[in-house]
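Enquirer: build me a model:
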Amino acid sequence: MIQVIYFLLCILGFVLPYSQLIPFTLEHGFDIKLFFEQLFANKISGFFGMDVIVSSLTLWAFFFWEGTRLKMQNLWVYVACNLLVGVSLSLPLFLLMRQRQLEQHDKIIHNL
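Expert: Alright, predicted model coming up:
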């Protein structure tokens, strides 16, 4: 059941951010300077921008620490998802794959 929830969160984590990014990109192109100007346009948006940046860095550490501990492969994929979409996709995707790894490990142990 938790895997279904993580999967649905992956979909939301992709669709919702891109529902905002695509119209911006269609209107302004890939204007990185304008993107960051608008991201930090005021104290509240700056608060959210800084929160996401620190959360992302924390997640990268978690991805590599936990992923290495569980012998998960292709850990770079979660960082790429974080950079291309955000925490909203990379975290539930990592948790989904982590859950699959844990369940696979449990099956191996129960079969011994």
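Enquirer: which stretches of the protein have low pLDDT?
Expert: Across the chain, the ranges flagged by pLDDT under 70 are 112.
Enquirer: repeat that with 90
Expert: The chain contains residues with pLDDT under 90 at 105-112.
Enquirer: tell me which residue is most central in it.
Expert: residue 90 (1.8 Å; CA atoms, centre = their mean).
Enquirer: I'd say that residue and residue 62 touch.
Expert: No: Residue 90 sits out of contact with residue 62 when judged by CB atoms under 8 Å, with a separation of 10.2 Å. The way it works is simple: take the backbone N, C-alpha and C, and place the C-beta from them, glycine included.
Enquirer: sorry, back to before: residues touching the closest residue to the residue nearest to the centre of the chain other than its chain neighbours, list them.
Expert: Counting by CB to CB, 6 or more residues apart in numbering, residue 82 is the residue found nearest to residue 90 once chain neighbours are left out, at 3.8 Å. Counting by CB atoms under 8 Å, 6 or more residues apart in numbering, residue 82 makes contact with 56, 59, 60, 89, 90.
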